[in-house]
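# Sequence isn't available, so here's the structure alone:
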């Protein structure tokens, strides 16, 4: 696990907030602003975006210049991140084109593989167990509408 | 007084209807179970079951959600004391003295004291709720859009600045939450805002998706392979839970003081339970004859914060229900669930939905009795559950999150939303932002915007109404004080780098 480059958390946070706020304002200006009496759809978002950017500036300015230390506690963890996010995407994609059973098997298996302590066998067993329980609870128990298999749909 | 008792009697009638009682028991049990599981707290528990409430009637839905809430608080204390693992932030303080007690072999007694203190504090909180709500209801009727906007502002400010961590970052998260609340169709003009042509976003962001992303996925992303949660081998049997006479005597006054602290803070919108427990703990240390015992297994350090958390939880329902202003993220989720069910919390709620309001109060009491009855014999089961390793727990939780969010609208798009908010949440968490205020902002956002726009329409664009109308003026005054207080605290911190007091509050 290679540590991320050292950076000042508050500086990064401030910059991020300013960008986010600016983006919100830029998009918000596309909507009608209106007046204070009759506010348009854009009024409140633009105010919020401005506020967010201002808070961002304040976070940036009040950052303690030497505060780099905390970054080391969070090394990059690509395997875990990719597996967890992949599991979410897999559920959506396979759920759409393959049905609930393959989607659940893949999601749980992928998510479990994110943890270094899980073996392939453990992950496979867990995914089969969760799929069985899931189908029983949600399809037969709660009568949810979700095709179990939907090949080539 | 007699009136309140009569209403309460009616409430028991509602809560004891078999159908309602069933959901309440279900919620309490499930909350307790999820609260015990390492790494899953009240927020995750409620978010996961939020989708289920869409299909049941409002009264049982809210009874169940409330049950999950206090059930998970009982469960969370077990993990905190036996495993040194605060799955819900308010229990962080309980760990400080609870875990040393476990190491000394008195973990069972600590649990017993916790349960007694929780039950006592919750009962006091419920009583206060019963007698205070009708009074607040009268006051609340004097509230127009102007006053509602100001008090929401106060709640949001308090929620942002009183949570732990940097107040500025708390404000940033609140504003971000308010923004997320504006996504979707603008109710007044019908304009599509920030939907980028995506049809599924026109109804706005889904509450369950947002909270499960922020409190579920984000948490997994941050903790994976970093935190190694080991199972507990502590063995606790039923008879270990009986505290000695000495321990009971030691815990009694702290329990009363903790309850008082919780009640006081519960009535203040925006002050989360975490800060309340820290204050209760700090107070115990102040009044103790021998403060050095704290941190090494002082039973007072367990009784007071747990009592404070529970009385606070109950009293917190007052501003949530009567003003529509949630005290913290959990309350915001409950409020969001009510809004989804078409119940508008606020001054009219108690009179328009007496079954819901009084039924909820009665169910609190029934739920707390149930929890005491359940937890004593089930303690062995809970201890076993604590041994389920995290590596097996979170993949299963991932599936329940995905299917739960899907079920709200039978839409896979909502599941993608969870992923997106998970990434946002993880970035925020890694940068030391508190994420709970996002939900507070999200739930209050649309209500605040609507009231603010209405207030401006009524006053013909005069912003000064917020100070010239008396009630609103006082509230805005309180907001100003809050901000000035934060600036003062910041200025002081610049001069004295780290005082003992901040150090004490930062223990984690």
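Nice, I can see it. Predicted model, so just to flag it, every value in this text is computed and none were measured.
# What's the mean pLDDT across the helix or strand encompassing residue B:384?
Taking DSSP states H and E as the criterion, the element that holds residue B:384 is helix B:354-385. Helix B:354-385 carries an average pLDDT of 84.
# Is stretch B:404-418 in proximity to chain A?
Yes - using C-beta under 8 Å from any C-beta of the partner chain, we find that stretch B:404-418 touches chain A at B:406, B:407, B:410, B:412, B:413, B:415, B:416, B:418. Heads up, the C-betas are built off the backbone N, CA and C, glycines and all.
# now those residues: which count as buried?
B:406, B:407, B:412, B:413, B:415, B:416, B:418 (16 or more other C-beta atoms under 10 Å in any protein chain shown).
# of all those residues, which two lie farthest apart?
Spanning the widest gap among these are B:407 and B:416, at 15.0 Å by C-beta to C-beta.
# for the spatially most central residue of chain B, what are its contacts?
Centroid-nearest residue in chain B, with C-alpha atoms, centre = their mean: residue B:330, separated by 3.4 Å. Contacts for residue B:330 (C-beta atoms under 8 Å, 6 or more residues apart in numbering or on different chains) come out as B:42, B:43, B:46, B:69.
# Mind doing that once more with 10 Å?
Listed by C-beta atoms under 10 Å, 6 or more residues apart in numbering or on different chains, the contact set of residue B:330 reads B:41-43, B:45-47, B:65-66, B:68-69, B:72-73, B:88, B:90, B:211, B:272-273, B:313, B:316, B:320, B:436, B:439-440.
# If any of these are buried, give me the ChimeraX selection for them.
Applying 16+ other C-beta under 10 Å to the contacts of residue B:330, the buried members can be selected in ChimeraX as follows:
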select /B:41,42,43,45,46,47,65,66,68,69,72,73,88,90,211,272,273,313,316,320,436,439,440
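# So which of the contacts of residue B:330 belong to helices?
B:42-43, B:45-47, B:65-66, B:68-69, B:72-73, B:211, B:273, B:313, B:316, B:436, B:439-440 (DSSP state H).
# Could you restrict the residues you listed to the ones contacting chain A?
Among the ones in helices among the contacts of residue B:330, no residue sits close to chain A (C-beta under 10 Å from any C-beta of the partner chain).
# What about the residue nearest to residue A:101 when sequence neighbours are not counted, how many residues nearby?
Nearest residue to residue A:101, sequence neighbours excluded (C-beta to C-beta, 6 or more residues apart in numbering or on different chains): residue A:148, at 5.1 Å. Per other C-beta atoms under 10 Å in any protein chain shown, the neighbour tally for residue A:148 reads 14.
# Check residue B:344 too.
15.
# Over to it: give its phi and psi.
phi -90, psi 110 (degrees, to the nearest 10).
# Check what pLDDT residue 11 gets.
In the absence of a named chain, chain A is used. 88.
# Correction: the question concerned chain B.
Listed pLDDT for residue B:11 reads 83.
# element containing it, please.
helix B:2-15.
# Report the buried residues of that helix.
Neighbour counts over helix B:2-15 (16+ other C-beta under 10 Å) mark B:4, B:7, B:8, B:11, B:14, B:15 as buried.
# by contact count, what packs against the lengthiest helix in chain B?
Looking across chain B with DSSP H, the single longest helix is helix B:107-140. Using 3 or more C-beta pairs under 10 Å, 6 or more residues apart in numbering or on different chains; DSSP states H and E as the contact test, the elements touching helix B:107-140 are helix B:2-15, helix B:58-83, helix B:92-103, helix B:145-161, helix B:245-266, helix B:300-318, helix B:349-352, helix B:354-385.
# Any idea which of those gets closest to residue B:448?
Here helix B:145-161 is closest among the helices and strands packed on helix B:107-140 (C-beta to C-beta), at 4.8 Å.
# how about the residues of the stretch 151-300 of chain B near chain A?
Selection of the stretch 151-300 of chain B residues close to chain A by C-beta under 10 Å from any C-beta yields B:160, B:166, B:168-183, B:185-194, B:196, B:213, B:217-218, B:220-226, B:228.
# Buried subset of these, written for ChimeraX?
Buried residues among these (16+ other C-beta under 10 Å), as a ChimeraX selection:
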select /B:160,166,168,169,170,171,172,173,174,175,176,177,178,179,180,181,182,183,185,186,188,189,191,192,193,194,213,217,218,220,221,222,223,224,225
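# For the closest residue to residue A:81 other than its chain neighbours, list the residues it contacts.
If you skip the residues right next to it in sequence, residue A:81 has residue B:221 as its closest partner in space, 5.8 Å away by C-beta to C-beta, 6+ apart. Applying C-beta under 10 Å, 6+ apart, we find residue B:221 in contact with A:77, A:80-81, A:84-85, A:114, B:422-423, B:425-427, B:429-430.
# Rebuild these as CSV, extending it with distance to residue A:126.
Below are those laid out as CSV (distance: C-beta to C-beta, whole Å):
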residue, distance to residue A:126
A:77, 20
A:80, 16
A:81, 20
A:84, 15
A:85, 19
A:114, 12
B:422, 20
B:423, 24
B:425, 24
B:426, 23
B:427, 28
B:429, 26
B:430, 27
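# Export the residues you listed to TSV and append columns for secondary structure.
Shown next, in TSV, are the contacts of residue B:221 (DSSP: H, G, I helix; E, B strand; the rest coil):
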residue	secondary structure
A:77	coil
A:80	helix
A:81	helix
A:84	helix
A:85	helix
A:114	coil
B:422	helix
B:423	helix
B:425	helix
B:426	helix
B:427	helix
B:429	helix
B:430	helix
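# All set now, cheers.
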